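Colleague: Sequence plus the predicted model coming up.
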Amino acid sequence: MAEYSWPRRGTTSLIDTEQTRIDGVAKASGAAKYSCDINPKGTLVARAMGCPHAHCKIKSIDISLAKDVPGVVLVSPAKAIGDEIQWQGDIIAYVAAETEGAAAEGVAAITVEYEMLDVFVDDQHLAAAEAADRTGKPLSNVQLVNEPGDDEDEEAFEEAEIQRLLEASDVVVEGNYGINVITHMCMEPHGSTCEWNGDQLTAHLSTQNVSGTAGQFADPLGITASDVTVHCDFIGGGFGSKFAADSWGVACAELARQTGRPVRLMLDRDIELKTAGNRPSGFIKVKIGADKNGVVQVWDSQQWGTSGASGGGVSQGVVPYVFDPENRRRTATSIATNAGPQRAWRAPNHPQAAAITHTAYDDVAAALGIDSYDVFLRNLDSVSNDKADVYRAQMERAAELMQWKSKWHAHGKGEKKGSVVTGLGMGIHTWGGGGHNSTCRITIHPDGGVETALGSQDLGTGTRTVIGIVVAETFGLPLDAVNVKIGSSSYPASGPSGGSTTVAGVSESNRRAAQDALAQLNELVAAKLGVGAADLVAKEGRIQASGDASKSLSWKEACALLGMTPLEVNGEFRRGEPSSLSSSQVAGVQMAEVAVDLDTGIVKPLKFVAVQDMGLIINRKTAASQIYGAVIMGIAYSIFEERIMDLQTGAFLNAELADYRLPRLGDIGEIVVDLWEPDSEYERGVVGLGEPPVISPGAAISNAVANATGVRVPVLPLTPQRVLDALGSA
Amino acid sequence: MSHVQAPEASVRPTKNVHVELTVNGEPREFLCAPRESLLDVLRNRLGLTGAKEGCNNGNCGACAVILNGVPVNSCLVLGVEAAGAEVETVEGLAKGSHLHPLQQCFLEDAALQCGICTPGFLVSAKALLDRNPDPSEEEIRLHLAGNLCRCTGYDKIVRAVQDAAKANT
């Protein structure tokens, strides 16, 4: 097997430098075509009709009026008589029409009779869910140093041992914490443009999963995946919600088949938010026992939350987050609500777990009147990964950037200027980030042209540019010499972009293929130059003998040795296989400084510091962008955004951008991003970065608000109302 | 309990209207229904898909264009209202292969990620610099507060607009 490796640090021309996106001009000029922009001649516009009720049965659907609306071409029910609807916005029918207006009018002309059923959407109150019989069986997981005797009842022992440990602790902190449901709010909603050529389907799908969705179209359409091509050159946001063809994608293809015309079906914003995914809520009641230094001795928690009609909530497997004290009991109860189903949202479970448990750790600091930094530091011996030393070093760096020590004051003891107080908070996180399965095909043409093709996708993370950098670096060529072809299922399969798996996966396959291709080309060059192939290096557009520039060929001259036939080489990486090119597992420390207006309850971020490791950095520019973006998304769910449900009707009250509050340019404060990169990071190869920096903002900002005010605002987002309520009850 | 969702009162489209205007300096004409938004006209009738539909109710700014020198959300303007107007879209920012300084700075400063909000930000920022070539950071943040980015590149967008302003002066 060939030995694959990265160039030594400091010897690269592209890797580990700042490179501008290779698709940036297309995006900045309006030329980039997203799925919503695909508009072949004769395209029909389709709209979905969402159910206005959160829980009901369908008694009848009358589409006769809709069919008569001028411009309407086809009306297609998506539900049958007797079907039970479990959330508002579930799709009842589709209308395909000549124009947007006709489609909307067609939807409005559909008459549906519903049988109303009991609604339950209150995920914040466990007792209410139990009373409504909406809870699943509580799941417990207990870890104790001491074990029960052979004849002891296990549960009774656990209860007694937890109580004993709590009583033996120097301080016991009890608290309630929570984080509400949010949506993905992709600026480009879910959807596709579908067109048929005979029995061949082309689906221009807004997707994070170009290689994995063809089969999802094929099966319900009664064709095979080989009859389907999925295209996605550009995607306007996914964040974990766009891995599937989805029922509306299949419906779009079916409408196109039945009408014999291309059909574009993008979800309306309100249906998008109600039905196309959200992040589960998490609420928790915690009792912590700690010693006088703030080191946690015992953790006891009961949590609950919802992922929609199927129950769910935040996994207890990450509670408490990162810290894993020797003695802990955690119980999780799932609540089924009449709300849309969850989908993966950037670092599933982690942001919520951080927000509802690192806040409890911070309250230990508050109770003892000691620095939160010291409490986090002293508990690092119990982290569940092997990153304790990394956290220590990152904390020191973050504190320096934040000027933590000089700004710190005890909780609620800071200076008050008018009605405004300021405070500091922090959080730490962890994530895997190992590469996904990836195959690619690199072609070197006899005229010197280079292309790589793989069924990957660029979510805006810079995947295209990363691939180009890896290939160009390997061949010693400028970045623009490589034609990067992604975004089609007709290319060699590469994994879905989720879980921070893409950069490592595509870097692996492309570096391998490029090193193999270069080795083959070098054999030809070596024969021509009369040197050993192993002595050749590719750099600055030439292949030359190491240490003897007089023996060299230009890249083009070298490629001409291929004769008439291009050289094609495939590269492959399988997730989890040991490799010197990539690894997994990162740490990360974040600190927030906020101002809180005690009169209005408004929380304003002043400064945010993010220190993040990520192994070898391919493109410093897009790596930093990922962290900036993640932090701002974190600020969004910490202070602004949430799904607001009407408890009586189950209506999603703010399912429009007019009402769903997101931060805008003036809402974010100063952000300091620090790429944590000692040589050991470069040496361990590429690790994904998309998820980790979005995890800690909830904890850091909530802790900063608690530090500023001396009061814990228990539930995120920290809206003015919640802050005022907490202050009023303090 | 039973509930019937009644059809809403329908507004039938009347016959299409002929509209002439200038888009990115070029005279254009089209036929559109009176209820069609300028956004729909640009995207579906004139083939200019740079302006995006993020919300269709004026809250995201992804559809921003400049109408007679004023930045507007084109989803809130009717196509027929644009008769005789001068419209600038993101497609008109570059002159041939020469990018507008804003476009250049957005690229160099990494002020875009997925890129779907980028046309709206660029157009809004151009309208600001046309009116005020040397805006303060606060003015930039205020002026661009109508544009949403989810990825989110806010911090770098502000820097890019500042750098473009410097490049212009």
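Modeller: That came through fine. Quantities reported herein were computed from a predicted structural model and do not represent experimental measurements.
Colleague: Domain-wise, how is chain B divided?
Modeller: What the record gives for chain B is the domain set B:17-91, B:101-168, from automatic domain parsing.
Colleague: Do me a favour and get the end-to-end distance for the last one?
Modeller: In this case it means domain B:101-168. In domain B:101-168, first residue to last residue: 7 Å (C-alpha to C-alpha, to the nearest Å).
Colleague: what does stretch A:470-485 give?
Modeller: Using C-alpha to C-alpha, the span of stretch A:470-485 from its first residue to its last is 14 Å.
Colleague: helix, strand or coil for the residue nearest to A:Phe652 when sequence neighbours are not counted?
Modeller: In this structure, A:Phe652 finds its nearest non-sequential neighbour in A:Lys274, 5.1 Å apart by C-beta to C-beta, 6 or more residues apart in numbering or on different chains. Placement of C-beta: from N, CA and C, glycine included. Assigned by DSSP: H, G, I helix; E, B strand; the rest coil, the conformation of A:Lys274 is helix.
Colleague: Make sure A:Thr452 is actually in contact with A:Arg464.
Modeller: No - judged on C-beta atoms under 8 Å, A:Thr452 makes no contact with A:Arg464 at a distance of 10.2 Å.
Colleague: So between these two, which is more surrounded?
Modeller: More neighbours surround A:Thr452 than the other of A:Thr452 and A:Arg464, with 28 against 24 (other C-beta atoms under 10 Å in any protein chain shown).
Colleague: distance of the more buried one from A:Ala514?
Modeller: Relative to A:Ala514, A:Thr452 is positioned 8 Å away (C-beta to C-beta, to the nearest Å).
Colleague: anything in contact with each of those two?
Modeller: Overlap between the contact sets of A:Thr452 and A:Ala514, as judged by C-beta atoms under 8 Å, 6 or more residues apart in numbering or on different chains, is given by A:442, A:471.
Colleague: re the thing from before, which neighbours do A:Thr452 and A:Arg464 share?
Modeller: Shared contacts of A:Thr452 and A:Arg464 (C-beta under 8 Å, 6+ apart): A:Val484.
Colleague: so who does residue 32 touch?
Modeller: Looking at chain A here, since you left the chain open. A:Ala32 makes contact with A:23, A:26, A:233-234, B:115 under the criterion C-beta under 8 Å, 6+ apart.
Colleague: let's do chain B instead
Modeller: Counted by C-beta under 8 Å, 6+ apart, B:Cys32 has contacts B:16-17, B:19, B:40-41, B:45, B:79-80.
Colleague: which residues touch the residue of chain B found nearest chain A?
Modeller: For chain B, the residue positioned closest to chain A under C-beta to the nearest C-beta is B:Gly50, at a distance of 2.3 Å. Each residue near B:Gly50 by C-beta under 8 Å, 6+ apart is listed here: A:29-31, B:89-91, B:119.
Colleague: Return the distance of A:Leu255 relative to chain B.
Modeller: When distance is defined by C-beta to the nearest C-beta, to the nearest Å, A:Leu255 is 18 Å away from chain B.
Colleague: where does that residue land on pLDDT?
Modeller: Looking at A:Leu255, its pLDDT is 98.
Colleague: ok, now the one 3 residues further on?
Modeller: Looking at A:Gln258, its pLDDT reads 98.
Colleague: Would you mind listing the outside residues contacting the lowest-mean-pLDDT helix or strand in chain A?
Modeller: For chain A, the helix or strand with the lowest mean confidence is strand A:548-554, at a mean of 93 (criterion: mean pLDDT, DSSP states H and E). Outside strand A:548-554, the residues within contact range by C-beta under 8 Å, 6+ apart are A:525, A:528-531, A:541-545, A:561.
Colleague: Restricted to strands, list those residues.
Modeller: When DSSP state E defines the strands, the subset of the contacts of strand A:548-554 inside them is A:542-545.
Colleague: I'd like these laid out as TSV, including distance to A:Val319, pLDDT and neighbour count.
Modeller: Output for these, formatted as TSV (distance: C-beta to C-beta, whole Å; pLDDT from 0 to 100; neighbours: other C-beta atoms under 10 Å in any protein chain shown):
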residue	distance to A:Val319	pLDDT	neighbour count
A:Arg542	57	97	19
A:Ile543	55	98	27
A:Gln544	57	96	23
A:Ala545	59	96	18
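Colleague: Report the contact partners of the closest residue to chain B within the stretch 501-650 of chain A.
Modeller: Of the stretch 501-650 of chain A, the residue with the smallest distance to chain B, taken as C-beta to the nearest C-beta, is A:Ile632 at 4.2 Å. Listed by C-beta under 8 Å, 6+ apart, the contact set of A:Ile632 reads A:663, A:668, A:671, B:152, B:154-155.
Colleague: Pull up the per-residue confidence for residue 30.
Modeller: Because you didn't say which chain, this covers chain A. Looking at A:Gly30, its pLDDT is 97.
Colleague: That was the other one, I meant chain B.
Modeller: Confidence for B:Phe30, expressed as pLDDT, is 97.
Colleague: Could you tell me how many residues sit around the closest residue to it other than its chain neighbours?
Modeller: The shortest distance from B:Phe30 to any non-neighbouring residue, by C-beta to C-beta, 6+ apart, is to B:Arg45 (4.6 Å). B:Arg45 has 17 neighbours, counted by other C-beta under 10 Å.
Colleague: Same question for the one 3 residues further on.
Modeller: The local packing of B:Leu48 (other C-beta under 10 Å) involves 23 other residues.
Colleague: So for it, what's the nearest residue that isn't a sequence neighbour?
Modeller: By the measure of C-beta to C-beta, 6+ apart, the closest residue to B:Leu48 outside its immediate chain neighbours is B:Leu42, 4.5 Å from it.
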